[in-house]
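**Student:** sequence first, predicted model second:
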Amino acid sequence: MPSHARSTADAAPSDAAPAAAAGVAADAPDTLWFTRCPVPTATGIAADQGRLAREFAADGITVRSLQDAPPEVAADHHYTHALTGLFREGGNVPALWARSRGERTRLIGLTWIEERQVVLVRAGSGIGSPGQLRGLRLAVPRHGIGIDFWRAMALAGLHGALATAGLTLDEAELVDVPAAPGGGQWAAELAALRDGVVDAVYVKGALAVEAARRIGAEVAIELDAVPDRRSRVNNGTPRPVTVHQRLLDERPDLVARFLAVLLEAADWAAGNPAEVARILRAETGAGAEGVAGAYAAGGHRTLHLDLSQERLGLLEQQERFLRRQGFLAAPVDVAAWADPEPLRAARALLAARRAAAGPA
């Protein structure tokens, strides 16, 4: 998708909030937008159940998915986050990229959801350990989009696998694999593996599980099995929730209410695994087998947001990696980007509502 040109001179955004006139909140917007990636998210669950629409209906605010908007409205806002009324729960590569280019977003939550990250090889290759990747041809896709998060994912995943054996990306042969616009997820890389152009491919998620099975690829390395989760830091781990600074400045109450709905949806998901699996099939476009193979048992209990020091540290690891690989226009100070107040306010709001409602 096209990206909006932006000077690197404004790549270090200021988070100083403008003074509200006489302390009066700005008028409510007519529409709040949300966007999420086709993966497990509290936003997707809240939207499926109509929770977001119900929360803001009495205010006359329509809540719409960016994925359902016409192209002239949606543009490339899922990546640039230039739409001020947008809440985004998605991969950290576009979120960090947008922030590094000067977009005035704030980080208001992080999740960590295991998505089965693996390195695949051809059947019968005999490759079964990270150390055996040394010197092999590893697929690195190249997409013609403003921020090539697919390429960033492959590099991070392969880096994580190699690092478990004390190796670096420099100790393997990285092979560019052009990906056609509109092609399926991982399609170009898996075709290159099938055709013998490369020896190994990084994939993750439900559709990847199904696609790998179709070409008879074998799992050589299960990154999810590595005890140290730092080996799995990638686009979706940790996954950020971001909001535009302008909306946060003008209507912090709306931001807190939106987050309260996500917290409530995550609580509901923890007790309804079968319904969560149904929603994930719709969100990911994968079948039951793909969803079951990609998302670990108990994953329905991991949709809660936080801004813990651990998760912030993992996101800082990702920021450093992306910067070294040339994906970011400028450094992103993750600690300064994060604003814990909206999530604190959301938790307080949800607790107050439950106290007022009394015992269930």
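**Tutor:** The structure has been received and is ready for your questions. Residues are numbered from 1 along each chain as shown.
**Student:** distance between stretch 260-274 and the chain's centre?
**Tutor:** A distance of 18 Å separates the centroid of the chain from that of stretch 260-274, by CA atoms, centre = their mean, to the nearest Å.
**Student:** what is the mean pLDDT for that stretch?
**Tutor:** Across stretch 260-274, the average pLDDT comes to 90.
**Student:** same question, stretch 344-360
**Tutor:** On average, the pLDDT along stretch 344-360 is 92.
**Student:** okay, buried residues for it please.
**Tutor:** Buried positions in stretch 344-360, judged by neighbour count with 16 or more other CB atoms under 10 Å: A345, A346, R347, L349, L350. Backbone N, C-alpha and C define where each C-beta goes, glycine included.
**Student:** looking at the residues you listed, which are in strands?
**Tutor:** Among these, none falls in strands (DSSP state E).
**Student:** tell me the one of those residues nearest V198?
**Tutor:** A346 (44.8 Å; CB to CB).
**Student:** what residues are up against the closest one?
**Tutor:** A256, R257, F258, L259, A260, L262, L263 (CB atoms under 8 Å, 6 or more residues apart in numbering).
**Student:** so G135 belongs to a helix, correct?
**Tutor:** No - using DSSP: H, G, I helix; E, B strand; the rest coil, the assignment for G135 is coil, not a helix.
**Student:** what helix or strand is A98 on?
**Tutor:** Using DSSP states H and E, A98 sits in helix 92-100.
**Student:** next helix or strand past that helix?
**Tutor:** Following helix 92-100 in sequence, per DSSP H and E, is strand 105-111.
**Student:** and the angle for that following strand with helix 92-100?
**Tutor:** Interaxial angle, strand 105-111 versus helix 92-100 (axes from the mean of the first three to the mean of the last three CA atoms, to 10 degrees): 160 degrees.
**Student:** which residue ranges of the stretch 101-250 of the chain form helices?
**Tutor:** Using DSSP state H, counting those that start in this stretch, the helices of the stretch 101-250 of the chain run over residues 149-163, 187-194, 206-215, 245-250.
**Student:** L305: which of the ones you listed is closest?
**Tutor:** helix 245-250 (15.3 Å).
**Student:** in the closest one, what counts as buried?
**Tutor:** Q245, L247, L248, D249, E250.
**Student:** ditto for stretch 176-186
**Tutor:** For stretch 176-186, by 16+ other CB under 10 Å, it's V177, A179, Q185, W186.
**Student:** return the alpha-carbon coordinates of it using CSV.
**Tutor:** Written as CSV, here are the backbone C-alpha positions of stretch 176-186 (Å, rounded to 0.1, in the frame of the first residue of the first chain):
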residue,chain,number,x,y,z
ASP,A,176,15.1,-12.3,-1.4
VAL,A,177,11.8,-13.7,-2.5
PRO,A,178,9.6,-11.3,-4.4
ALA,A,179,6.0,-11.5,-3.3
ALA,A,180,3.2,-10.6,-5.8
PRO,A,181,0.6,-8.1,-4.7
GLY,A,182,-2.5,-9.8,-3.4
GLY,A,183,-0.8,-13.1,-3.0
GLY,A,184,-1.7,-15.3,-0.1
GLN,A,185,0.1,-15.2,3.3
TRP,A,186,3.5,-16.8,3.0
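**Student:** contacts for it, please.
**Tutor:** With CB under 8 Å, 6+ apart, stretch 176-186 has contacts from 139-144, 150, 187-189, 192, 197-198, 201, 203, 205, 207-208, 211.
**Student:** again, only this time at 6 Å
**Tutor:** For stretch 176-186, contacts defined as CB atoms under 6 Å, 6 or more residues apart in numbering pick out A139, V140, P141, R142, H143, A188, E189, A192, V203, L207, A208, A211.
**Student:** tell me the contacts of the third one?
**Tutor:** It stands for P141. Going by CB under 6 Å, 6+ apart, P141 touches W150, R151, A154, V177, A179, A188, E189.
**Student:** that one pairs with what?
**Tutor:** Beta bridges link P141 to V177 when assigned by DSSP bridges.
**Student:** from D249, how far off is it?
**Tutor:** From P141 across to D249, the span is 38 Å (CB to CB, to the nearest Å).
**Student:** tell me which helix or strand L263 sits in.
**Tutor:** Taking DSSP H and E as the criterion, L263 maps to helix 252-270.
**Student:** what's the angle between that helix and strand 105-111?
**Tutor:** Here helix 252-270 runs at an angle of 20 degrees relative to strand 105-111 (the same axes, to 10 degrees).
**Student:** could you list the buried residues of helix 252-270?
**Tutor:** Buried residues in helix 252-270 (16+ other CB under 10 Å): 252, 254-269.
**Student:** please apply the same query to stretch 231-251.
**Tutor:** Judged by neighbour count using 16+ other CB under 10 Å, the buried positions of stretch 231-251 are 231-245, 247-251.
**Student:** tell me where the stretch 201-350 of the chain is predicted with low confidence.
**Tutor:** Applying pLDDT under 70 to the stretch 201-350 of the chain flags the ranges 280, 282-300.
**Student:** circling back: elements contacting the helix holding L263?
**Tutor:** Packed against helix 252-270 by the contact rule (3 or more CB pairs under 6 Å, 6 or more residues apart in numbering; DSSP states H and E) you find helix 42-48, helix 51-57, helix 341-357.
**Student:** just how off-centre is it within its chain?
**Tutor:** That offset, for helix 252-270, works out to 18 Å (CA atoms, centre = their mean).
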